[in-house]
Each structure stands twice: as C-alpha cells, then as structure tokens.
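A.B. asks: predicted model and sequence follow; I will ask about them next.
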Amino acid sequence: MKIINAITHFPKERAKVNTNQELPLDDNRPRFSSEDLVLDATLPVCKQLLEEVNFNPLEIDLILNITLTPDRLFQDKTIGVPRVAHPIHYLIKAENAFVIDIHESDWNTAFTIAKAFMVDQNRKNVLIIRTEFLHSSVHPDYKSGFNIPDGIALILAEQDNDEIAIDYKDLETKDVFCRYDMLPKGGELAEEQFRSKLTWKADEKYVEDLNKTGQEFLNQMLEKNKEVDGVVFESWFPKHDITCEDSEKVFKSIQKEDTFKSLGAFSLPHYLRELKENKEVSTICSISYSPFINRYSGTVLSV
C-alpha cells in the first residue's frame, strides 16, 4: 500500500489513575473529557487530512474503522448507534465509499483487508480511522495503571500494483493478557462515567515473552525485506522494547515533553506523518501488536 497522508490528534488533558499507590504503567496519558464526543473531535481532523493533500472525498472507495474502544456519539450511553466511520462517511460526502467496522484490529491487518477488498472490487483508495475515547467509558487497569491513550488517528492510502504480504507471529503464551470487563452496578469501580474496565496482566514473564517475540519478528521481517528504509514498531508501554543493528531505522517511541512515552496503536500514523517529509525514506516496515490476541503483524508500506 502507498501512503497518501496520515495524521494524529491527542487531547491536551492528561489523566492518571486515581490512586495513592505508585503504579508501574501509569504514565499520564492523554484523555478526552467525559463531555467530549468522538464525532465532534474526529470530523475536523479528517477534513484537515484531506485538505492537506487536496484529496476529493468522492475518490475514497473504502472507509475502514479499526477503533479498539466504544464510540461516544451521544452523551446518553444507552443509545446504540453505528461507529464513527458511518457519520464521517456522510459528513465529508464520501458518496462512493463502502464503510466497514472492524473491532480490536491493528493497522497492518486493516491494510490487508482493504487491499483484498479493493482488488476484488476494482477500487483504489482507503481511509482508515482509529478513535480512542477510553476516558469516557473505560476504567484503566487499577493494578498496573495501564490504559490505552485517547486520541484520533487517520491514514489515507492507495493500493499499488504490488501484492501486499502480511506476516504474523504469536506469543508463546496462550493466556489472555488484555481484555475489557463489564463493571457490575454498585461495584467499587462503577463510577457514573465508566461502563467497563481494562484488564492488563503485564507481569515480568509476559513482558519478557513480548519483547523476545517482538525482537525475533523484527529480525525476521528485516531479513525478508532488506530494502526497507525504516521500521515503525508499536511500543505499548515503557518496557515494551526492541533493538536493531541500525538503531536510526527504528521509530518506536516519543520523548518530547508535550506527549507521552509510548504511542501504542498511534505509532504508525504518527511516524508516517513525520516520514512523509523525509525524502530519504521511501519504504518502511510496519510492525503492529494486538494486545487482545497476543499477536504481532508486519508488512511493508510505501511512503
């Protein structure tokens, strides 16, 4: 797939787990407020993405939503509605686009699905949307402090003539380390704005397996794709790390004061935006991780 444009947006507010204990994975990640609605926040970011490259919404053939968390389209949580891709489709007037929702997916799997659909339907352009609004409905893991950052990410891409090849590598452990649990009414965590909590069992053995598998997968991908100019590796928390002989090739975390340390699922669009301005980079190896199924995925993208 060839990347046309990419964008990320994070709210300015930061939130830590409300506890007196020191939690290992609580790193002050960005949070939308309980009053923020996903559509209000996403629409201007989507318009900016298209306007920057003067892209006509009528040329979008597929809108793919891969958001991990529940969408908040209305203040009333009892209202069940389609996910944000559907109203975005209408509001930007992408009249020729199909809309598909995929829950708990990763960027590389999304590219593969998009490519297969567009080849079959003789289509060309895809808009992939990820909008995470956990702070309005999901409680962090209260033992580790882990949470997925709130934010908005969009990637606009076109299918090229190359076959898209995706590789997967599963962790050795079969335990489920990340899941959403519904909160019972009247429970200690059942505050008014929360409907569920995130459970993340990131013990030392899991972290060791995660990094070992990620390192093996990175080496495998680089051996197979020696021509790539860079690697984007999704780091979900500070100890989620890999190394590379050519360290300048690997984009895995951010150290700027105005953001947080581990971008997680926002890594790829964030670095794609930076790399689009780097004329020395034409291809990158994207390595994503899905914490809900303990699996890495990898593919090569044109920038």
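C.D. replies: Received, thanks.
A.B. asks: residues touching residue 95, list them.
C.D. replies: 57, 58 (CB atoms under 8 Å, 6 or more residues apart in numbering). Heads up, the C-betas are built off the backbone N, CA and C, glycines and all.
A.B. asks: how much space between it and residue 240?
C.D. replies: Separation of residue 95 from residue 240 (CB to CB, to the nearest Å): 41 Å.
A.B. asks: residue 55 too?
C.D. replies: 34 Å.
A.B. asks: again, but for residue 215
C.D. replies: 11 Å.
A.B. asks: helices or strands next to the helix or strand hosting residue 50 in the packing?
C.D. replies: Taking DSSP states H and E as the criterion, residue 50 maps to helix 38-52. Contacts defined by 3 or more CB pairs under 8 Å, 6 or more residues apart in numbering; DSSP states H and E place helix 38-52 against strand 2-9, helix 85-91, strand 125-132, strand 151-158.
A.B. asks: mean confidence for stretch 117-132?
C.D. replies: Averaging pLDDT along stretch 117-132 gives 92.
A.B. asks: residues in contact with the helix holding residue 50?
C.D. replies: Applying CB under 8 Å, 6+ apart, the contact partners of helix 38-52 are 5-7, 9, 11, 32, 55, 57, 71-73, 84, 87-88, 91-92, 127, 129, 131, 133, 152, 154, 156.
A.B. asks: over to stretch 106-123?
C.D. replies: Residues contacting stretch 106-123 (CB under 8 Å, 6+ apart): 1, 61-62, 64, 66, 98, 100, 102, 124-126, 128, 130, 155, 157, 159, 164, 166, 234, 265, 268-269, 286-290, 297-299, 301.
A.B. asks: looking at residue 55 and residue 240, which has the bigger crowd around it?
C.D. replies: residue 240 (21 against 16; other CB atoms under 10 Å).
A.B. asks: contacts only, for the residue nearest to that one when sequence neighbours are not counted.
C.D. replies: Distances taken as CB to CB, 6 or more residues apart in numbering put residue 210 closest to residue 240, at 6.2 Å, once the chain neighbours are dropped. When contacts are counted by CB under 8 Å, 6+ apart, residue 210 touches 171, 240, 289.
A.B. asks: part of a strand, is the second one?
C.D. replies: No. Counting by DSSP: H, G, I helix; E, B strand; the rest coil, residue 240 falls outside a strand, being coil.
A.B. asks: just checking, it touches residue 207?
C.D. replies: Yes. Contact criterion CB atoms under 8 Å: residue 240 and residue 207 qualify, at 7.2 Å.
A.B. asks: now the helices and strands packed on helix 38-52 in JSON lines, with distance to residue 273 and mean neighbour count?
C.D. replies: What follows is the helices and strands packed on helix 38-52, written out as JSON lines (distance: least, CB to CB, whole Å; neighbours: other CB atoms under 10 Å):
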{"stretch": "strand 2-9", "distance to residue 273": "5", "mean neighbour count": "19"}
{"stretch": "helix 85-91", "distance to residue 273": "19", "mean neighbour count": "19"}
{"stretch": "strand 125-132", "distance to residue 273": "14", "mean neighbour count": "26"}
{"stretch": "strand 151-158", "distance to residue 273": "9", "mean neighbour count": "25"}
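A.B. asks: save those as CSV, and put in distance to residue 197 too.
C.D. replies: Shown next, in CSV, are these (distance: least, CB to CB, whole Å):
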stretch, distance to residue 197
strand 2-9, 25
helix 85-91, 26
strand 125-132, 15
strand 151-158, 20
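A.B. asks: of these, give the one that comes closest to residue 203.
C.D. replies: Comparing the helices and strands packed on helix 38-52 by their distance to residue 203 (CB to CB), the top pick is strand 125-132, with 24.4 Å.
A.B. asks: quick check: neighbours of the closest one in the sheet, parallel or antiparallel?
C.D. replies: strand 62-65 (parallel), strand 151-158 (antiparallel) (DSSP bridges).
A.B. asks: now do it and helix 38-52, the angle between them.
C.D. replies: Here strand 125-132 runs at an angle of 140 degrees relative to helix 38-52 (axes from the mean of the first three to the mean of the last three CA atoms, to 10 degrees).
A.B. asks: just the angle between strand 125-132 and strand 2-9, please?
C.D. replies: Using the same axes, to 10 degrees: strand 125-132 against strand 2-9 is 20 degrees.
A.B. asks: report the distance from strand 125-132 to the chain centre.
C.D. replies: Between the centre of strand 125-132 and the centre of its chain there are 9 Å (CA atoms, centre = their mean, to the nearest Å).
A.B. asks: go on, stretch 203-214?
C.D. replies: On CA atoms, centre = their mean, the centre of stretch 203-214 falls 20 Å from that of its chain.
A.B. asks: export it as CSV, just CAs?
C.D. replies: Extracted in CSV, the C-alpha atoms of stretch 203-214 (Å, rounded to 0.1, in the frame of the first residue of the first chain):
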residue,chain,number,x,y,z
ASP,A,203,3.8,-9.4,34.6
GLU,A,204,7.5,-9.9,34.1
LYS,A,205,7.2,-13.2,32.2
TYR,A,206,4.7,-11.6,29.8
VAL,A,207,7.0,-8.6,29.2
GLU,A,208,9.9,-10.9,28.6
ASP,A,209,7.9,-13.0,26.1
LEU,A,210,6.5,-9.9,24.4
ASN,A,211,10.0,-8.4,23.8
LYS,A,212,11.6,-11.7,22.9
THR,A,213,8.9,-12.4,20.3
GLY,A,214,9.0,-8.8,19.0
